[in-house]
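Undergrad: Predicted structure and sequence below. I'll ask about it afterward.
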Amino acid sequence: MKPIYNILSLEPNENGYLAKVCFDPEHAIYKAHFPNNPVTPGVILLQICKQCALQILKQSQPILADTTIKSVRMLKFTGFIVPQKDKIINIELRQEDNTFRTSIYDDNRQYAKMQFTI
């Protein structure tokens with residue numbers, strides 16, 4: 001099965017790091033979440049942020065493949081990501097040791113903010 005998302009890039013920027021992500025609107029998960037009104041599940045957004053955070057941490061320390069999120073201090077969804085072909089979502093990550101503050105947005109709106117520790 002094809003992945004539901006693809007991380008197109010993860011680059012340093014003036015605030016920390018910026019990831020560019022796209023979603024596959026044809027993925028089977030959207031047929032169930034929700035029929036005729038597909039929305040990207042919040043747990044997928046958390047997984048993407050974790051994956052990006054692990055890539056960042058790997059640059060400075062050894063990380064185990066099965067590393068988990070130790071705590072989520074804040075998680076706020078402010079909008080729904082409706083999957084569309086060629087739609088790019090931005091994820092900004094600010095790192096403080098093993099803690100990350102993230103903001104998920106596109107050109108028009110913010111979808112989520114979270115803070116978690118790995």
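TA: Cool, got the structure.

Undergrad: In this protein, where is pLDDT below threshold?
TA: Judged by pLDDT under 70, the chain has its weakly predicted residues at 65.

Undergrad: Swap in 90 and give it another go.
TA: Across the chain, the ranges flagged by pLDDT under 90 are 1-2, 35, 59-67.

Undergrad: which helix in it runs the most residues?
TA: Among the segments of the chain that qualify as a helix by DSSP state H, the longest is helix 42-58.

Undergrad: Show me which residues of that helix are buried.
TA: Applying a neighbour-count criterion of 16 or more other CB atoms under 10 Å, one finds Ile44, Leu45, Leu46, Ile48, Cys49, Lys50, Cys52, Ala53, Ile56, Leu57 buried in helix 42-58. All C-beta atoms are positioned from the backbone trio N, CA, C, and that covers glycine.

Undergrad: Check stretch 76-83 too.
TA: When burial is assessed from 16+ other CB under 10 Å, stretch 76-83 yields the following buried residues: Ile81, Pro83.

Undergrad: before we move on, the earlier item: need the contact partners of the longest helix of the chain.
TA: When contacts are defined by CB atoms under 8 Å, 6 or more residues apart in numbering, helix 42-58 is touched by residues 4-5, 7, 10, 17, 19, 21, 29, 63, 67, 69, 72, 75, 77, 81, 91, 93, 95, 98, 100, 102, 104, 111-112, 114, 116, 118.
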